[in-house]
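*Asks:* Pasting a predicted model and its sequence here:
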Amino acid sequence: MLVNATNMLLKARDGHYAVGQFNINNLEWTKSILLTAQELNSPVILGVSEGAGKYMTGFKTVAAMVKAMDESLGITVPVALHLDHGTYEGAKACVAAGFTSIMFDGSHYDIEENVAKTTELVALAHDHGLSIEAEVGSIGGEEDGVIGMGEVADPEQCAKIASLGIDFLAAGIGNIHGKYPANWKGLDFDALDKIHAATNNIPLVLHGGTGIPEDMIRKAISLGVSKINVNTECQLSFADATRKYIEAGKDLQGKGFDPRKLLAPGAEAIKATVREKIELFGSANKA
Ligand SMILES: [Zn+2]
């Protein structure tokens, strides 16, 4: 069932668990995530970066595929189709394409411009029934070619953006996109505490969920994080399973080259990763 992400995240905030956002790249990714969420009776958010949207030939294609697949598979758990790190233009395009949720990432603008553009997009999203996430400061690591250093957001700027009517807020607390470096200092829980205190209990979003130790994830949820983004980890497990299949020579046996067989171990590996995260985040049986 395609819905926006507002209610699922308010429930998560009040129930002290988090909903996973799993980014999709193609049909296999989408199918694996939807089936696993349904099996675990968990709400789920499908994230689509602008790059992945382009790869899948555009946001319209993505929305049509997700809607049809959600129906064809008989998915009854709440599913949000969410633009991840959207530009101003990308956010508008996703509203028109039939997404149910958008993130506008104005973190690279100065705060005044971020406020102005976020305000405009809040009105547009809400007019069309979508939920909207905004971001303050930059989150480290690499996201579609943009690199940062595990930055920490300023609580006052967070308060300003949170007051614009957005539904959930992404704020850097030392988290990083992609693989974490060996010398990473961990999440900054003092910063999270201050941001939570300054933002009127708005559901907070933790980006860069791949490779954060489980105890830090649990602590972040206890301090107000209601949505956790997972992208790289599904890519790593897909690649690992696919490499093993080919290295074992299975594509050379019988019809092992058939893409439905060749891609199956990777699709199963994505399911296993999504299952592990849903259980860790506590959203199983919360649909
Ligand atoms: Zn992110």
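*Replies:* Received the coordinates, thanks. Numbering: from 1, shown residues only.

*Asks:* Lys261 versus the residue of the chain positioned farthest from its centre, what's the distance?
*Replies:* In the chain, the residue that sits farthest from the middle, by C-alpha atoms, centre = their mean, is Gly254; the gap is 38.1 Å. Distance from Gly254 to Lys261, counting by C-beta to C-beta, to the nearest Å: 9 Å. (Glycine included, C-beta is placed from N, CA and C.)

*Asks:* the longest strand in this structure is where?
*Replies:* strand 79-86 (DSSP state E).

*Asks:* Give me the next element, helix or strand, following it.
*Replies:* helix 88-97 (DSSP states H and E).

*Asks:* in that next one, what's buried?
*Replies:* Tyr88, Gly90, Ala91, Lys92, Ala93, Cys94, Val95, Ala97 (16 or more other C-beta atoms under 10 Å).

*Asks:* For the third one, give me its contacts.
*Replies:* Translated: Ala91. Leu83, Ile102, Met103, Phe104, Leu121, Leu124, Ala125, Ile132 (C-beta atoms under 8 Å, 6 or more residues apart in numbering).

*Asks:* swap in the second one?
*Replies:* Shown here is Gly90, whose contacts under the criterion C-beta under 8 Å, 6+ apart are Glu50, Gly53, Phe59, Leu83.

*Asks:* please redo it, this time with the cut-off set to 10 Å
*Replies:* Val48, Ser49, Glu50, Gly53, Lys54, Phe59, Leu83, Asp84, Ile102, Met103, Phe104, Asp105 (C-beta atoms under 10 Å, 6 or more residues apart in numbering).

*Asks:* what does the first one give?
*Replies:* Applying C-beta under 10 Å, 6+ apart, one finds that Tyr88 lies in contact with Phe104, Asp105, Gly106, Tyr109, Glu113, Lys117, Thr118, Glu120, Leu121.

*Asks:* Correct me if wrong: the fifth one contacts Phe104.
*Replies:* No - at 11.6 Å, Glu113 and Phe104 do not qualify as touching, with contact defined as C-beta atoms under 10 Å.

*Asks:* ok, Lys67 - how many residues close by?
*Replies:* Lys67: 15 surrounding residues under other C-beta atoms under 10 Å.

*Asks:* secondary structure element for it?
*Replies:* helix 59-72.

*Asks:* now swap in Ala116 and tell me
*Replies:* Using DSSP H and E, Ala116 falls in helix 111-127.
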